[in-house]
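Enquirer: Please find the sequence and the predicted model below.
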Amino acid sequence: MSGFFEKFNSEVVSKIEEMTKPLQSQLGQDMLSLLSAGISVYILWVGYQILAGKRQTPLQDLVWDLSKFAIILTFVSNADGYLTAAMDAIKSMKDGFLGKPVWATLDTMWSTTQLLADKVYAMDQSKYVSVEGGIGSMLVWGGSILIMSVAAVIYML
């Protein structure tokens, strides 16, 4: 079973990313048009507030808000590859903290779980039916599978 998670990453996760990439691009374009319309309405609203005298520092607030919108639009539209670069940086940080891909770490954990479950099972001193060793072994496997599945789900997000 060694290498299962690396194989899972190369086969399943890469296919999912390949299938969702066009949808992500289309969703980004749809969001871009909605955000552009929303920003236009916001500028009209702020203009009304400025003319009505309801803003204390109108120019500074408008420049600050437009700067925030520009940063958001840069990432949503993936201008100059900023979104791609940010996503790649996050993925490399995930790998960088461990020193190797998380999938290889999960494979190592799988092998270690097999050894630990065998040791726990061998600790049972029963003559006929080793129920306690079997229960202990199942608990080791249950905890390990829970931790590995949570780690895999978190890493895929």
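Expert: Received, thanks.

Enquirer: What pLDDT is listed against residue 2?
Expert: We have a pLDDT of 55 for residue 2.

Enquirer: And the chain, what are its domain boundaries?
Expert: 9-92, 100-157 (automatic domain parsing).

Enquirer: quick check: mean pLDDT across the last one?
Expert: The reference is to domain 100-157. For domain 100-157, the per-residue pLDDT averages 87.

Enquirer: Residue 86 and residue 80, how far apart?
Expert: Counting by C-beta to C-beta, to the nearest Å, the separation of residue 86 from residue 80 is 12 Å. For glycine as for every other residue, the C-beta is placed from the backbone atoms N, C-alpha and C.

Enquirer: go on, residue 57?
Expert: Taken as C-beta to C-beta, the span from residue 57 to residue 80 is 31 Å.

Enquirer: What's the local residue count around residue 137?
Expert: Neighbourhood size, residue 137 [other C-beta atoms under 10 Å]: 22.

Enquirer: Tell me who's in contact with it.
Expert: 117-118, 120-121 (C-beta atoms under 8 Å, 6 or more residues apart in numbering).

Enquirer: Next one: the closest residue in space to residue 46 that isn't next to it in sequence, what pLDDT does it get?
Expert: In this structure, residue 46 finds its nearest non-sequential neighbour in residue 62, 5.7 Å apart by C-beta to C-beta, 6 or more residues apart in numbering. On pLDDT, residue 62 comes in at 87.

Enquirer: wait, what's in contact with residue 62?
Expert: Residue 62 neighbours (C-beta under 8 Å, 6+ apart): 43, 46, 50.

Enquirer: Now, those residues that are in helices?
Expert: 43, 46, 50 (DSSP state H).

Enquirer: State the distance from the first one to residue 85.
Expert: In this structure, residue 43 and residue 85 are separated by 29 Å, where distance is defined by C-beta to C-beta.

Enquirer: Have a look at the two and say which one is more surrounded.
Expert: Shown here are residue 43 and residue 85; by other C-beta under 10 Å, residue 43 has more neighbours (14 against 11).

Enquirer: ok, now which ones touch that one?
Expert: Applying C-beta under 8 Å, 6+ apart, the residues near residue 43 are 62, 66.

Enquirer: Could you shift the numbering so residue one becomes 793, and keep it that way?
Expert: Right, with 793 as the first residue, what we last looked at is residue 835.
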